[in-house]
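>>> need a structure here:
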Amino acid sequence: MVLIGLFVFIIGVNPGLIRMDRSPTVGFVQMGTWMTGLALVLLGAFAAVRVVRNGRPTSLRANVGIRLIATGYVVSGVGTFADLLGIGSHHLPHLIFGPLQVAGLAGGVLVSLLGVVLYWPRAAKLEAELAPA
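Next up, the predicted model:
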């Protein structure tokens, strides 16, 4: 799922790879494509870490990680669709995916990545050493 999502995300960012680049600007469909790809990547990463957790009870650290994954996706979405939401610096019909929007997308991805790292379980050896006897 992560690899399929990564493929969809890359096609959304650069549709010229499959000869679908039909416009010199970034459009709504292109933004929706890379946000769909990012959603698939994050859902796949969450599912993979959930399998690695193997039914362990969720700690505060894991709960914060889950929420950071979702928050990062929302930040990426707001950064991506800022102009369409009316909070960007450009207005319809001349939308430009500018450097602030790129920073919002990249920042959201980094927050989601931090969430995946926090959701990852600690090593079993460390838990056994720290557990009270």
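>>> So V26 sits against G98, correct?
No. Counting by C-beta atoms under 8 Å, V26 sits too far from G98 to count as a contact (9.7 Å). (Each C-beta comes from the backbone N, C-alpha and C, glycine too.)
>>> and G65, what helix or strand is that in?
Assessed by DSSP states H and E, G65 sits inside helix 60-80.
>>> mind listing the helices for the protein?
Ranges of helices within the chain are 2-13, 28-53, 60-80, 82-85, 99-119, 124-130, based on DSSP state H.
>>> Same list (those helices) but as TSV, adding mean pLDDT and mean neighbour count.
What follows is the helices of the chain, written out as TSV (pLDDT from 0 to 100; neighbours: other C-beta atoms under 10 Å):
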stretch	mean pLDDT	mean neighbour count
helix 2-13	92	16
helix 28-53	92	17
helix 60-80	95	18
helix 82-85	84	16
helix 99-119	94	17
helix 124-130	56	9
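>>> Redo these as a markdown table? Include distance to R22.
Shown next, in a markdown table, are the helices of the chain (distance: least, C-beta to C-beta, whole Å):
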| stretch | distance to R22 |
| --- | --- |
| helix 2-13 | 13 |
| helix 28-53 | 9 |
| helix 60-80 | 19 |
| helix 82-85 | 18 |
| helix 99-119 | 20 |
| helix 124-130 | 52 |
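>>> Out of the ones you listed, which gets nearest to H91?
Distance to H91, taken as C-beta to C-beta, is lowest for helix 82-85 among the helices of the chain, at 7.1 Å.
>>> that older thread, more neighbours: V26 and G98, which one.
Higher neighbour count among V26 and G98: V26, with 19 against 15, using other C-beta atoms under 10 Å.
>>> what's around the nearest residue to that one once chain neighbours are set aside, how many residues?
Of all residues not flanking V26 in the chain, F97 sits nearest, at 4.0 Å (C-beta to C-beta, 6 or more residues apart in numbering). Burial of F97 is recorded as 20 neighbouring residues (other C-beta under 10 Å).
>>> F28 versus F97, what's the distance?
Separation of F97 from F28 (C-beta to C-beta, to the nearest Å): 11 Å.
>>> Having no further points to raise, I will conclude here.
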